[in-house]
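Enquirer: requesting a structural model of the entry that follows:
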Amino acid sequence: MKKVILTSTAIALIAAAAGYYAGSAAEVKPMENVKPARKVLYWYDPMVPGQRFDKPGKSPFMDMQLVPRYADEGKAVAGISISPQQQQNLGMVVEAAQLRQITPRFQAWASVTTDERSLQTVPSPANGVVEKLFVRAAQQWVKAGEPLAQLWIPSWTTAQQEYLAVRQLCDAALTRAARERLALQFMPEGVIRQVERSGKPQTRLTLRAEQAGYVVKLDTREGAQVAATAPLFELASLDPVWLVVDYPQRQATLLSVGSAVVVSSESLPGQQFHGRVSELLPQLDTATRTLKARVVLENPHQQLKPGMYVRVEAGSTPNLAPVLAIPEQALIATGSQNRVILASSEGHFQAVNVTPGITSDGWTEIRRGLKEGDRVVTSGQFLIDSEASLRSALPPEASADQHDHPSREANQ
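Expert: Reported below is the predicted structural model:
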């Protein structure tokens, strides 16, 4: 009897232990399937992915909640994968960075202006009256020696009569002094000789153009009284003319005093004009943020007119050492960054910061950020860049890429 009781007790204890173990295992098993909490690196606005926040909340840019960026998403930040079918649909083109000889060329626009050193003012030599005008409007073309106006100057009468009276005395000293008095009254040499030949006062004077050109200003009319030294006409020549060249600051090193330039105009197809830079003007245009240079240009046939817009190109620069370059269209310039889309592997693309140099003939020098043979996207890159921006897959602004390329100075 006691043996039966002991056996029953042992069975009960074993059953209790088995039940406890089963219950403990059932409680522990679900804990093994619980995933640990994902670590949040920062929060961001998908519409402005470059701005990061250290806590959740509402975006200050859009009417939406900030989105967390988790630590386990770090692999996605390295780039974007695009299938071959999508690449074909986007029309993507990839080209390798290569060493090329880039020759910087100066190209700018300029406006034709009057050579201010050729301006000539024609004044009235004495008080008088404008009896007749031969030039009646500004911008009228005149030839050298062509009459401009006829003046009546009655104040010359007395001095000329005294001179004629002194000449009759046959006193050389007195005659010379009287003649000098006429010259002091701004009487032209031709008028004095006419007085000597005719023996009569000459009170009418014809003003003539000393050089061929056009009338810039006409400051008198027929019948008007004019004072001594009052400006009546302003004449300008069209040979030579000035070009005022506007060029960006980045081309400042490509132009110097004495640089030869070639000028062309759409209004004169097939023709070229040659000149040299006479001055680099000291002031920067605050409106256009451009520098200005002055070019003296021969214009023997007066084909270039003041106000015309022309294209200016400077002569080629001596050959330079080859530099690493990519097609110009591959560069994405945002104002704060310059980057390219690098095809790092089959179907994988990554935005990379670069430091560009000069641009010429469709190629841009890359001084830092790429190495020879790197494949960059030249078509469709803006779509990839936009997608990378949405995924916060763009490189930081302050970072420099690990692929360094020596600058032009180092190559030289």
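Enquirer: skipping adjacent residues, who's closest to residue 150 in space?
Expert: residue 132 (4.3 Å; C-beta to C-beta, 6 or more residues apart in numbering). C-beta coordinates here come from the backbone N, C-alpha and C atoms, glycine included.
Enquirer: correct me, but the one you found touches residue 204?
Expert: No: counting by C-beta atoms under 8 Å, residue 132 stays clear of residue 204, with 9.5 Å between them.
Enquirer: mind giving me the domain split of the chain?
Expert: The chain breaks down by automatic domain parsing into domains covering 1-31, 40-74, 78-102+320-411, 108-115+238-314, 121-230.
Enquirer: before we move on, the earlier item: quick check: which element contains the residue nearest to residue 150?
Expert: Assigned by DSSP states H and E, residue 132 belongs to strand 128-133.
Enquirer: for that strand, packing partners?
Expert: strand 147-152, strand 225-226 (3 or more C-beta pairs under 8 Å, 6 or more residues apart in numbering; DSSP states H and E).
Enquirer: what does it rub up against?
Expert: 148-155, 204-205, 220-226, 232 (C-beta atoms under 8 Å, 6 or more residues apart in numbering).
Enquirer: how about the helices in the stretch 101-250 of the chain?
Expert: 156-167, 172-184, 189-198 (DSSP state H, counting those that start in this stretch).
Enquirer: so which of these is the most packed in?
Expert: Mean neighbour count, computed with mean count of other C-beta atoms under 10 Å, is highest for helix 156-167 among these, reaching a mean of 16.
Enquirer: shaky segments in the stretch 1-150 of the chain?
Expert: Across the stretch 1-150 of the chain, the ranges flagged by pLDDT under 70 are 1-36, 47, 49-50, 73-79.
Enquirer: what about the residue sitting nearest the centre point of the chain, distance to residue 359?
Expert: By C-alpha atoms, centre = their mean, the chain has its centre lying nearest to residue 248, at 3.2 Å. The spacing between residue 248 and residue 359, counted by C-beta to C-beta, to the nearest Å, is 12 Å.
Enquirer: swap in residue 367?
Expert: 12 Å.
Enquirer: which strand of this protein spans the most residues?
Expert: The strand that spans the most residues within the chain, counting by DSSP state E, is strand 268-280.
Enquirer: I'd like to know which elements the helix or strand that comes right after that one is packed against.
Expert: If you walk from strand 268-280 toward the C-terminus, the next helix or strand you reach (DSSP H and E) is strand 290-297. Counting contacts by 3+ C-beta pairs under 8 Å, 6+ apart, strand 290-297 packs against strand 241-248, strand 260-265, strand 268-280.
Enquirer: the same query, at a cut-off of 10 Å, please.
Expert: Judged by 3 or more C-beta pairs under 10 Å, 6 or more residues apart in numbering; DSSP states H and E, strand 290-297 is in contact with strand 107-114, strand 241-248, strand 260-265, strand 268-280, strand 309-314.
Enquirer: now distance to residue 101 too, for those strands, in CSV please.
Expert: Output for the helices and strands packed on strand 290-297, formatted as CSV (distance: least, C-beta to C-beta, whole Å):
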stretch, distance to residue 101
strand 107-114, 18
strand 241-248, 23
strand 260-265, 22
strand 268-280, 25
strand 309-314, 18
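Enquirer: for those strands, which one sits closest to residue 353?
Expert: Residue 353 lies closest to strand 241-248 among these, at 23.3 Å (C-beta to C-beta).
Enquirer: rewinding a little: would you turn the helices of the stretch 101-250 of the chain into TSV with distance to residue 255?
Expert: Shown next, in TSV, are the helices of the stretch 101-250 of the chain (distance: least, C-beta to C-beta, whole Å):
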stretch	distance to residue 255
helix 156-167	54
helix 172-184	48
helix 189-198	46
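Enquirer: same list (the ones you listed) but as a markdown table, adding distance to residue 126 and mean pLDDT.
Expert: Formatted as a markdown table, the helices of the stretch 101-250 of the chain follow (distance: least, C-beta to C-beta, whole Å; pLDDT from 0 to 100):
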| stretch | distance to residue 126 | mean pLDDT |
| --- | --- | --- |
| helix 156-167 | 7 | 88 |
| helix 172-184 | 11 | 87 |
| helix 189-198 | 11 | 88 |
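Enquirer: between those, which one is closest to residue 279.
Expert: Nearest of the helices of the stretch 101-250 of the chain to residue 279, taken as C-beta to C-beta: helix 189-198 at 36.7 Å.
Enquirer: for that closest one, packing partners?
Expert: Here helix 189-198 touches helix 156-167, helix 172-184, strand 204-208, going by 3+ C-beta pairs under 10 Å, 6+ apart.
Enquirer: next, the angle helix 172-184 makes with that helix.
Expert: Here helix 189-198 points in a direction 140 degrees away from that of helix 172-184 (axes from the mean of the first three to the mean of the last three C-alpha atoms, to 10 degrees).
Enquirer: can you list contacts of helix 189-198?
Expert: Residues outside helix 189-198 that contact it (C-beta atoms under 10 Å, 6 or more residues apart in numbering): 125, 153, 156, 159-161, 163-164, 167, 179, 182-183, 187-188, 200-206, 208.
Enquirer: one more time with 6 Å, if that's ok
Expert: 160, 182, 202 (C-beta atoms under 6 Å, 6 or more residues apart in numbering).
Enquirer: repeat for stretch 323-330
Expert: So stretch 323-330 is contacted by 95, 97, 99-100, 102, 340, 359, 362-366, 372, 376, 378, 405, 408 (C-beta under 6 Å, 6+ apart).
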